[in-house]
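Q: Quick one, fold the following:
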Amino acid sequence: MKAFSPFWIFITCVAISVACTSYLSQGSSGRILGTITDQSGAVIPGVTVTIQKADRGTARTTVTDEAGVYNAPNLLPGTYTIRVELTGFATVERTNMRLDVGQDMRVDVSLKPGQQTELITVQAENSLVETNNAELGGTIANAVINDLPLNGRNFENLLDLRPGVSKYPGNSGWTNSTNGGRPHDNYFLVDGINSNDTAWGMRFSTRSPLRPRASAPQRKT
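A: Sure, this is the predicted structure:
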């Protein structure tokens, strides 16, 4: 029997860790992307885009490519300020940009000629129409989770607030049907980690075995 060398075992473990990290981060993170243009509509490469999380002060900096596109994946949900700057153009800030769980938020910015020290601040509300993909989803804010009366404080009852979600007769918290699907087709992630019960010989049961207090999640999607 041929033994594997420690080097290849190490490489395999690293590859698996990277793949799992990328996969799990998709469960709770979001993405901000967009295109930077001038006033004529021409794309501008080499623009510095800084994305700062308002509550933590942490920031990520990226640069637009030759197509004028920037892309910042794997961002934690929250409120962000997007700062766009390039020599020869006035700096633009988009504030109060709310990124929800699993959301792809497009923020396109048009720059106008001016001094880089000149600052243009735009406070804009997020678009109500998803234009980046065909997925349906939504977020339930922490204030709603804490304040709404829930039978048994079962967090799954909050799913009734989303369009397309219904329950089987009896109104059990574990019988949520989404857009006509079977309850055991539901898939639960908690902080990006699989939280599904494989009881009763099904691939997934109708419920999540991990039941945090309803007030524990900061947001649900």
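Q: could you point out where this structure is predicted with low confidence?
A: Residues of the chain meeting the criterion pLDDT under 70: 1-28, 124-138, 151-153, 170-174, 191-192, 197-221.
Q: wait, isn't T87 in contact with Q116?
A: Yes. At 5.6 Å, T87 counts as touching Q116 under the criterion of Cβ atoms under 8 Å. Just so you know, the C-beta spots here come from the backbone N, C-alpha and C atoms, and that holds for glycine as well.
Q: Among those two, which residue is more densely surrounded?
A: Using other Cβ atoms under 10 Å as the criterion, T87 and Q116 rank with Q116 on top: 12 against 9.
Q: any chance you could read off phi and psi for the more buried one?
A: With angles defined as degrees, to the nearest 10, Q116 sits at phi -60, psi -20.
Q: give the contact list for it.
A: E85, L86, T87, G88, F89, A90, T91 (Cβ atoms under 8 Å, 6 or more residues apart in numbering).
Q: do you know how far it is from A59?
A: 18 Å (Cβ to Cβ, to the nearest Å).
Q: what's the answer for G41, then?
A: For G41 relative to A59 (Cβ to Cβ), the value is 28 Å.
Q: How about T91?
A: Counting by Cβ to Cβ, the gap from T91 to A59 is 15 Å.
Q: ok, now L76?
A: Distance from L76 to A59, by Cβ to Cβ: 12 Å.
Q: For those two, indicate the residue with more neighbours.
A: More crowded of L76 and A59, by other Cβ under 10 Å: L76, with 15 against 12.
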